[in-house]
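Chemist: fold the following for me, if possible:
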Amino acid sequence: MQSIDIARTIIWIALFFLVSGPVHECAHAITALRLGDGTAKLFGRVSLDPVVHFDPMGGMLLIVTALLGLASGGGIAFGWAKPTPVNPYNLRGRYANARVALAGPLSNLILASAFAVGFRILYSAGAWPNNTSVLNMLQLVFVTGVSLNVVLMLFNLLPIAPLDGSHVLIDLLDPMTARRVEIFMTQYGLFILIVIVIFAGQIIGPVVGYLVNLLIGVQYYL
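Modeler: Got it, this is the predicted structure:
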């Protein structure tokens, strides 16, 4: 276990709780409000305050899995923010539920791009992500922000309940097929999700590496 691995893990956890999780859930809430559903607003979720989006079980699981991954030298952190309450019957417009669901992953793509801009600026000044100086540590924050948000975007787009991708898929299907998919997800969705989490590195790892390298403009993930 190296000091840079410890720093990266701490940054990953902090960015999830303070930035990526709140922005993701707030994006759901704002989109739902604009499309006619004020449920999230009633619960105070149209906010970037990390406290209102913190889920005790999901947060604890993220910390534990991140630390286990650090100790074992591998693995992927898994956890979640408090799900945003949405009443689909209040939403207006075609594919409104899909649009609300897509708002979260899209917000992560925007965040990844913003962190990538910071990375490119510091890279042009000679900074590289490590913990040998303040500037390099800031660069580590930027590249971790890129990778974290790319992971959140891709993972949430998977069409498995309760991930955002499942809401998009169901909203795009005809009612009869959507009902069958919902029943299937109720029965097997959790099992499928557990399998995906276990093999997440092999499933989305190569795509994450490609997108991170594309965004930051240099070869960082191998």
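
Chemist: okay, CA-based contacts and neighbour counts for the rest of this
Modeler: Noted.

Chemist: got the contact list for stretch 57-74?
Modeler: With contact meaning CA atoms under 8 Å, 6 or more residues apart in numbering, stretch 57-74 is reached by 1, 5-6, 9, 13, 17, 75-82.

Chemist: out of the residues you listed, which comes closest to residue 125?
Modeler: Taking CA to CA as the measure, residue 5 is the one of the contacts of stretch 57-74 closest to residue 125, at 23.5 Å.

Chemist: list the contacts for the most centrally placed residue in the chain?
Modeler: Among the residues of the chain, residue 152 comes closest to the average C-alpha position under CA atoms, centre = their mean, at 2.3 Å. Applying CA under 8 Å, 6+ apart to residue 152 gives the contacts 105, 108.

Chemist: for this structure, which residues score under the pLDDT cut-off?
Modeler: Low-confidence segments of the chain (pLDDT under 70): 1, 74-75, 200-201, 222.

Chemist: again, only using 80
Modeler: 1, 72-77, 197-204, 221-222 (pLDDT under 80).

Chemist: now do the helices in it.
Modeler: Using DSSP state H, the helices found in the chain span residues 3-15, 21-34, 39-42, 56-72, 96-124, 134-157, 164-172, 175-198, 200-216.

Chemist: off-centre distance for the shortest one?
Modeler: Going back to what we said before, that points to helix 39-42. 21 Å (CA atoms, centre = their mean, to the nearest Å).

Chemist: can you list the buried residues in it?
Modeler: If you call a residue buried by 16 or more other CA atoms under 10 Å, then helix 39-42 has these buried ones: 39, 40, 41.

Chemist: what helices or strands is that helix leaning on?
Modeler: The criterion is 3 or more CA pairs under 8 Å, 6 or more residues apart in numbering; DSSP states H and E, and the helices and strands that helix 39-42 contacts are helix 21-34.

Chemist: got the angle for the helix it packs on vs helix 164-172?
Modeler: Orientation check (axes from the mean of the first three to the mean of the last three CA atoms, to 10 degrees): helix 21-34 against helix 164-172 gives 20 degrees.

Chemist: distance from the chain centre to helix 21-34, please.
Modeler: The answer for helix 21-34 is 13 Å, by CA atoms, centre = their mean.

Chemist: same check on stretch 45-60?
Modeler: 13 Å.
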